[in-house]
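[1] sequence first, predicted coordinates after that:
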Amino acid sequence: MRSVRVWFKKTGMAIYISHLDMNRCLSRAVVRAKLPLWYTEGFNPKPYLNFLCPLPLGQEGVNEPLDIRIEGEMTNEEVKNALSAVMPAGIEIGAVTDPVMKTAQITSAEYEITLEFGTENAAESFCCKADEIIKSGELMAEKRSKKGVKTVNLCEMIMSFSVGANGSFAEIKTVTATGSASNLNPDLVLTALFEKTGLEPVSRKISRIRLFNENGDTFC
Amino acid sequence: MFPKQLENVLLKVQKPGRYTGGELNSIIKDKNKIDVRYAFCFPDTYEIGMSHLGMKILYSLINEREDSWCERVFAPAADMEEQMRSLNVPLYALESGDAIKDFDFIGFTMMYELCYTNILNMLSLAGVPLRSSERKNLSPLVVGGGACACNIEPMAEFFDLTTLGDGEEVTNEVIDLYKIHKAKGSTKAEFLREAAKIPGVYVPSLYDIEYNEDGTVRAIIPKDGAPAKVTKRTVKDLDTMFAPSSFVVPFIEVVHDRTTVETFRGCIRGCRFCQACFLYRPIREKSPETVEKQCRAIYENTGYDEISLCSLSTSDYTGLEKLLNSMLDWTIPEKINVALPSLRADNFPEELMKKLASVRRSGLTFAPEAGTQRLRDVINKNITEQEVLSTASLAFKGGWTAVKLYFMIGLPTETDEDIEGIANLAQAVVDEYYNNPDKPKGRGVNVSVSLATLVPKPFTPFQWEPMITPDITKEKQAKLLSYIRSRKINVSMHNSQTSFLEGVFSRGDRRLSEVVEKAWESGCKFDSWDDSLKFDVWMQCFEECGIDPYFYTSRKREFEEVLPWDHMDYGVTKQFFIRENKKAHEGVTTPCCREKCAGCGAAAINGGECSEIRKSVV
C-alpha cells in the first residue's frame, strides 16, 4: 500500500460542492477509475481519501491536494490518466505526486479575490479603506471555533494583503493562516471589511492559489 | 447549468448542489439540433426525485432519441423559491438552465397524492397557466404518469394527457405523434384527439362526468372518439425492454444514492390493501443474466458502492439465487453492498443471507401489517407469527440487533384485539432475542414498529371500504402505545392528517381539482412534509368549495356504484376485486399466484402472458 498525492482544480459549478459531498463524489470517481484501491478496514469499508485542507463552499481551488492509498503496481502517471478520464465537470486533475510534506506542515495559503462593485467609485473607495484598515493592524471580528465564538483581531492571521481597483472591480491578493493550528477563512476578512467600510460588492469570487509551510515554501 | 441571475443567490440557499446541474452523466445536447424538448419534472425536492428509478429510466430513454432532449426539473425548496420569485427567474431545467415554459413537454411523475399542490406550484413558477383549458397552444403540453395516474381525476383539469402503466413504449409513441403534429402546425385539440387513440393515453378533457344527486358519479361519457376504457400499457418482455446503463450521479447526498435495477414487475402475493401489486400485474421477470449485466454497467459508469435489486417482493424472484451466486463473485471483492429491499423473510436461504452481510450489514425489516393471524387472513398477508420469529431468531444469531416491523391500522374488521396483537408480536420479537443463547453478547435489542393508516386505494379489493377518520386513527394509535410495555420497542406513526388527505385524493373525483387549486393559492405546498402541512387551510378550502372530504373517505361504497376511475382498465377485473373483497370479510385467504392462479385477469392485456401462468402450465 502506498499514498499518492492527487492535485486537483475545483472551479465553475463544482465550487457549490461542499467538503462532505466532495468526499462522496471523489470516492466514486476513484472507483470508476478502476484504481487498485486500498480500503479502510472497518464495518463499512471505503476507499481511503484524505482532503488535506478542505475548501469552504463557494470557493475555487487552483491546486488542491488529496491523498489516496493504492495497492499494487501503478505509476503516478497512470493514476493521473485514469482519474482524469472520470472526473465530473468542474474538477480537473493537475498532477499526481508522491507526498513530500505532512498535512500538519500547512500553515498558510494564498488567495486571489475579485469583488465586483456597481461603480468604479465604489471599487476605488473600498480599496483605499480596506488598505488602511489592514495597515492599521487591527480588524476585530467574531470568529467561530470549536470552543465557541470569540472576538479576535483578524490582522494577526493575515500574513500579507494587497488590494487594487480595476474598473468597477477590486482585486485582492492575500496570504492568511491556514491549517490545523490557526485558520482564517478569507470570507471572514471580507465580511468584516464590508461591514467596516460600509461597501458591499454585488458579487465575489475567492480562489485559493497555493498552500505554504511555515518557511513559506509551497506545500508539496 | 443555472441561469446567470442566480449566481449570487446560490450561496445564500441551503444545498446549492440541488440547483446547479452539471452532475456526472447528465446529458447535454445541442438545442439547435433538437426537435422535441422534454422537461421531466419531479414534484418534490432534488434529494427525493433523484432517488426515483422511473425518472432515471425515462430520462435515459428519451435521451436515446437523437431528436429529443430530456432534462430534469425538481421542486425548489422554499428558500430558493423565494429567491427565484424575487429575481423573476422562471423554473428552469437543470441541464440547459433554460426556462421550461418554452419546452414541448412538461412531464410530471406522480407517486403520491400529496404532491399535487407541488405540481401546481411548479407550473406557476414556470410561468405556465395551470389549467389545461387555459393553455391554448400546442406546447407546452403538460403530461403525467406514475402510480397516481390510475385515478388522476382530482388533477384532471390541469393535465393535457396522462399515460397508464409502463412508460417505456408509450412515451416514445406520444413524442412521435407530437412531432408530426408540430410539423403540420396542428392545434392542441387536434393533437389530443389523435393522442387519445394511442393505447394507454388518457386525455381528461375528452370525458364528461355526470353526477347523481347524492354526489356519486352517474356516468363517464367519452367524446370525440375517445375510448370508453383506457387500457394501461404493459411491456411484454423485460429482457429486451429499454433499461438505462448509467445514472446521473448527484453531488449532494440524496435519499437512495445507489445502483438500482428491477428484477421483475408485478407481484404474486395479492395482499388486498396493496395497490402496486395489482397495478403492475401481470408478473414479468427479467432473466438473471440481464439483471447482472445492467447492474455491472451502472456500477462501472457511476462508481456506486451499493446495488439495490428492486421489485415488489424480491425473494419471490425465481432467478434470485442464481443471480446472487453469480453477482456476489464480483461485488464482494469490489466492496459493493447488495441490498434487497422488500425481502420476505420466510423463504430465504441462510447461506445467502450471510454472504450478503459480508460487505455491509443492512437493516432487517418485516411487514406483518396486522397484529393477529385472523386479520392477516383478512388482508391476505400470508405470513405467520412463527415465520417472523424464526427468521428474527436466525438474524439475531447472525449478529443483528435491530428489527423493523411494519403494521397498519384501520383495516377492515379490525378490533382492539388486533391492535393489542401488534404490541404482542413486537414483544414476542424482543423475547425471542433475550431467549436466544447465541445473541450478540452485551448488547440490547431494538424493535422499531412503524404504524401506518390504511388508505383504501383504487384497483384494490379494498377500493369500496371506508377509511377511518383522523380522530379514530389517533385513538387507535394511543391504544397501541398503551399496550407497549418494553422500552426496547419504539413506535413511529404516520401523521393522521396526511393519511386523511391521501385518502381523499386517492379515491377522489374531478370536482377536487378546484380544492387543489384553492389550497395551492392559499399557500399549501410540500404537504407530505409534516412541517409544512397546513391541514386547517386544507379543511377551509374544502368548505369554501362546498365539498365534504369525508364523502370520499368515510363512505362504504356499493359494488354497483360507478367509481370515478371506472374508465381506466388495469387488466385486473372488477369481478376479481369483488370476489377478493367478499373473501376478506369472510376471513378467507387466496393462495399466491405461484401456488394457484386466482384468475385476476391481468394476463389478458399482455396477450395472455404471465410468468406465473406459464410456470403452472409447464
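    It's in.

[2] and chain B, which residues reach chain A?
    B:1-2, B:7-8, B:10-11, B:16-17, B:20-24, B:249, B:251-253, B:257, B:300-305, B:334-335, B:359-361 (Cβ under 8 Å from any Cβ of the partner chain). In this view, the C-beta of every residue, glycine as well, is placed from N, C-alpha and C.

[3] so which residues of chain A form strands?
    With DSSP state E as the criterion, chain A has strands at A:2-10, A:49-51, A:60-70, A:91-97, A:108-116, A:140-145, A:148-153, A:158-166, A:169-177, A:203-212.

[4] buried ones only from the residues of chain B next to chain A, please, as a ChimeraX command.
    The ChimeraX selection below is limited to those of those classed as buried (16 or more other Cβ atoms under 10 Å in any protein chain shown):
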select /B:1,2,10,16,17,20,21,22,23,24,249,251,252,257,301,302,303,304,305,335,359,360,361
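
[5] looking at the strands of chain A, which has the lowest confidence?
    For these, the bottom mean pLDDT is recorded on strand A:140-145, which sits at a mean of 88.

[6] flag every buried residue along that strand.
    Within strand A:140-145, the residues that qualify as buried by neighbour count (16+ other Cβ under 10 Å) are A:A141, A:K143.

[7] could you list the paired strands of it along with their orientation?
    As defined by DSSP bridges, the strand partners of strand A:140-145 come to strand A:148-153 (antiparallel).

[8] would you mark the buried spots in the partner strand?
    Of the residues in strand A:148-153, those buried under the neighbour-count criterion (16+ other Cβ under 10 Å) are A:V152.

[9] so how far is it off the chain centroid?
    Going by Cα atoms, centre = their mean, to the nearest Å, the spacing between the C-alpha centre of strand A:148-153 and its chain's C-alpha centre is 22 Å.

[10] go on, stretch B:32-48?
    19 Å.

[11] that one spans what distance, first to last residue?
    Between the opening and closing residues of stretch B:32-48 lies a distance of 32 Å (Cα to Cα, to the nearest Å).

[12] residue 165 pairs with what?
    All of this is about chain A. Residues found in beta-bridge contact with A:A165 (criterion: DSSP bridges) are A:A170.

[13] wrong one, chain B
    Judged by DSSP bridges, the bridge partners of B:G165 are B:R233.

[14] if we can go back for a sec, restricted to helices, list the residues of chain B next to chain A.
    Cross-referencing the residues of chain B next to chain A against helices under DSSP state H gives B:E300, B:N301, B:T302.

[15] would a markdown table of those with distance to A:T197 and pLDDT be doable?
    As requested, these are arranged in a markdown table below (distance: Cβ to Cβ, whole Å; pLDDT from 0 to 100):
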| residue | distance to A:T197 | pLDDT |
| --- | --- | --- |
| B:E300 | 53 | 95 |
| B:N301 | 50 | 95 |
| B:T302 | 47 | 96 |
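
[16] returning to that earlier point: out of the strands of chain A, the one nearest B:G571 is which?
    strand A:91-97 (48.3 Å; Cβ to Cβ).

[17] close to chain B, is the closest one?
    No. With Cβ under 8 Å from any Cβ as the criterion, chain B is not reached by strand A:91-97; the gap is at least 9.7 Å.

[18] ok, and what's touching that strand?
    Counting by Cβ atoms under 8 Å, 6 or more residues apart in numbering or on different chains, strand A:91-97 makes contact with A:4-11, A:14, A:25-26, A:29, A:63, A:76-77, A:79-80, A:83-84, A:87, A:220, all of which sit outside it.

[19] buried only: go through these for me.
    If you count burial by 16+ other Cβ under 10 Å, the buried members of those come out as A:4-10, A:14, A:25-26, A:29, A:63, A:79-80, A:83, A:87, A:220.

[20] what about chain B: which of those touch it?
    Restricting the buried ones among the contacts of strand A:91-97 to those near chain B by Cβ under 8 Å from any Cβ leaves A:A14, A:C25, A:A29.

[21] list the contacts of B:T498.
    Counting by Cβ under 8 Å, 6+ apart, B:T498 touches B:L114, B:D527, B:S528, B:D530, B:L533.

[22] let me know the helix or strand that the last one is in.
    If I follow you right, that is B:L533. Using DSSP states H and E, no element contains B:L533; it sits outside every helix and strand.

[23] any idea how far the host helix or strand of B:E580 is from the chain center?
    Under the criterion DSSP H and E, the helix or strand holding B:E580 is helix B:574-586. From the chain centre to the centre of helix B:574-586 is a distance of 24 Å (Cα atoms, centre = their mean).

[24] any idea of the mean pLDDT in it?
    Averaging the model's pLDDT scores along helix B:574-586 yields 97.

[25] that one: which residues count as buried?
    Of the residues in helix B:574-586, those buried under the neighbour-count criterion (16+ other Cβ under 10 Å) are B:F576, B:F577, B:R579, B:E580, B:N581, B:K583, B:A584.

[26] who in chain A is up against chain B?
    Near chain B, when you scan chain A using Cβ under 8 Å from any Cβ, you find A:12-14, A:16-18, A:20-21, A:24-25, A:27-32, A:39, A:43-46, A:57-58, A:86, A:88-90, A:202-203.

[27] so how far is B:P470 from the residue most central in space within chain A?
    Averaging the C-alpha coordinates of chain A gives a centre point, and the residue nearest to it by Cα atoms, centre = their mean is A:L55 (4.1 Å). When distances are taken as Cβ to Cβ, to the nearest Å, A:L55 and B:P470 turn out to be 49 Å apart.

[28] over to B:L563?
    Using Cβ to Cβ, one gets 24 Å for the distance from B:L563 to B:P470.

[29] same check on B:I209?
    As judged by Cβ to Cβ, B:I209 and B:P470 stand 28 Å apart.

[30] now the strands for the stretch 51-200 of chain B?
    Counting by DSSP state E, counting those that start in this stretch, the stretch 51-200 of chain B forms strands over residues B:68-74, B:105-109, B:141-145, B:161-163, given from the N-terminal end onward.

[31] strand partners of the shortest one, parallel vs antiparallel please.
    Within its sheet, and counting by DSSP bridges, strand B:161-163 is paired with strand B:141-145 (parallel), strand B:201-202 (antiparallel).

[32] ignoring the adjacent residues along the chain, who's closest to A:G179?
    For A:G179, the nearest residue in space outside its immediate sequence neighbours is A:I106; the separation is 4.1 Å by Cβ to Cβ, 6 or more residues apart in numbering or on different chains.

[33] repeat that for B:Q427.
    Nearest to B:Q427 is B:S486, by Cβ to Cβ, 6+ apart, at 6.0 Å.

[34] same check, this time on A:T197
    Sequence neighbours aside, A:K129 is the residue nearest to A:T197 in space, at 4.3 Å (criterion: Cβ to Cβ, 6+ apart).

[35] residues contacting that neighbour?
    For A:K129, the set of contacting residues under the criterion of Cβ under 8 Å, 6+ apart consists of A:L193, A:K196, A:T197, A:L199.

[36] if we go to 10 Å?
    Counting by Cβ atoms under 10 Å, 6 or more residues apart in numbering or on different chains, A:K129 touches A:V163, A:L193, A:K196, A:T197, A:G198, A:L199.

[37] and what of B:I209?
    Neighbouring residues of B:I209 by Cβ under 10 Å, 6+ apart: B:153, B:156, B:217-221, B:509-511, B:562, B:564, B:567.

[38] and it, that's in a strand?
    Yes. When classified by DSSP: H, G, I helix; E, B strand; the rest coil, B:I209 is found to be part of a strand.

[39] and the gap between it and B:F273?
    Applying Cβ to Cβ, the value for B:I209 to B:F273 is 27 Å.

[40] likewise B:L405?
    Between B:L405 and B:F273 the distance is 16 Å, computed by Cβ to Cβ.

[41] okay, and B:F278 sits in which element?
    Taking DSSP H and E as the definition, one finds B:F278 inside helix B:275-279.

[42] over to B:Q294?
    Counting by DSSP H and E, the secondary-structure element that holds B:Q294 is helix B:288-302.

[43] what packs against that helix?
    Under the contact criterion of 3 or more Cβ pairs under 10 Å, 6 or more residues apart in numbering or on different chains; DSSP states H and E, helix B:288-302 touches helix A:19-32, strand B:259-262, strand B:306-310, helix B:320-331.
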